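*Asks:* here are the coordinates; sequence isn't available:
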């Protein structure tokens, strides 16, 4: 009888634990506010698609694609970066692709692999398919799609801007790398820790080769990078500037040099006088995405691993520059 009672108690305990686990999962996803979408295409890169749409979002609104960094996921990066918060505030939808550990053990997007960083192939093609699905489902504005990401997500942002420039009005690279850097340096690690030796034209040629025959318009670029980043060296921000000013036919001298939030800020104008490349050097910051938690107009994001509270929210600065306000 005692053994029967013990077995019954053990079973009830196990059931209670299972119920607790099952109940916890919806609460996590509800807090993140993200919806998983399946069947968005052939998905050659075997990625997952998540999205966030504010309630009552009208047709014709912008779309922001937000690509997480290594070890992160959609549920953490979408809200943590501040993008879902701004979507509620300004009225746009957020597409958050998610990497799978089966593709990369550290859940990094494979920006350094030719098969995942070329037009029509692998992860790049999967993300492009997600964009098409989101535009169709939300009746979004195809002329107001932006892509951004942190670290490996920032490097994949460069991939999407180069391989699918017709899909994106602008891009934002946070602690990321220029397109083709792994190939130019001979190794992704050399690219990350040292950088690659290329002229501006060589950098630009890599982008132009990604979409042969494309005559523009090219996406505008915003870059944010910590001056104390030892994971992806700040030299990569300079290389991104060289790459995309060359693509836009701009010179290498900044037309605006000032400070924003106490941090060095530069803007490079294209031939028509509009800003085509913008940079923020976050003094003293290591590897991560700048956030500024709070309820102020320019505040957004939540501090956490690789989401660094430096009193400047990268998502807000990019969104404002892209006219999402």
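*Replies:* The structure has been received and is ready for your questions. Given the structure is predicted, the values throughout are model-derived calculations rather than measurements.
*Asks:* ok, residue 174 - contacts?
*Replies:* For residue 174, the contact set (CB atoms under 8 Å, 6 or more residues apart in numbering) comprises 148-151, 153-154, 223-225, 289-290, 314. For the C-beta atoms, the positions are set from N, CA and C on the backbone; glycine is no exception.
*Asks:* for stretch 280-292, which residues meet the burial criterion?
*Replies:* By neighbour count on 16 or more other CB atoms under 10 Å, the buried set for stretch 280-292 is 280-282, 285, 287-292.
*Asks:* and the two most separated of these?
*Replies:* Based on CB to CB, the longest span within the buried residues of stretch 280-292 runs between 287 and 292 and measures 17.6 Å.
*Asks:* domain-wise, how is this protein divided?
*Replies:* In terms of domains, the chain is parsed into 1-32, 36-321 (source: automatic domain parsing).
*Asks:* next one: phi and psi at residue 240?
*Replies:* Here is the backbone geometry of residue 240 (degrees, to the nearest 10): phi -60, psi -40.
*Asks:* how about residue 144?
*Replies:* phi -130, psi 50.
*Asks:* distance to residue 124, pLDDT and secondary structure added to the buried residues of stretch 280-292, as a markdown table?
*Replies:* Output for the buried residues of stretch 280-292, formatted as a markdown table (distance: CB to CB, whole Å; pLDDT from 0 to 100; DSSP: H, G, I helix; E, B strand; the rest coil):
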| residue | distance to residue 124 | pLDDT | secondary structure |
| --- | --- | --- | --- |
| 280 | 26 | 98 | strand |
| 281 | 28 | 98 | strand |
| 282 | 28 | 98 | strand |
| 285 | 29 | 98 | coil |
| 287 | 24 | 98 | coil |
| 288 | 24 | 98 | coil |
| 289 | 22 | 98 | strand |
| 290 | 26 | 98 | strand |
| 291 | 27 | 98 | strand |
| 292 | 31 | 98 | strand |
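*Asks:* now those as a markdown table including distance to residue 163?
*Replies:* Putting the buried residues of stretch 280-292 into a markdown table (distance: CB to CB, whole Å) gives the following:
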| residue | distance to residue 163 |
| --- | --- |
| 280 | 25 |
| 281 | 27 |
| 282 | 28 |
| 285 | 29 |
| 287 | 25 |
| 288 | 26 |
| 289 | 23 |
| 290 | 27 |
| 291 | 29 |
| 292 | 32 |
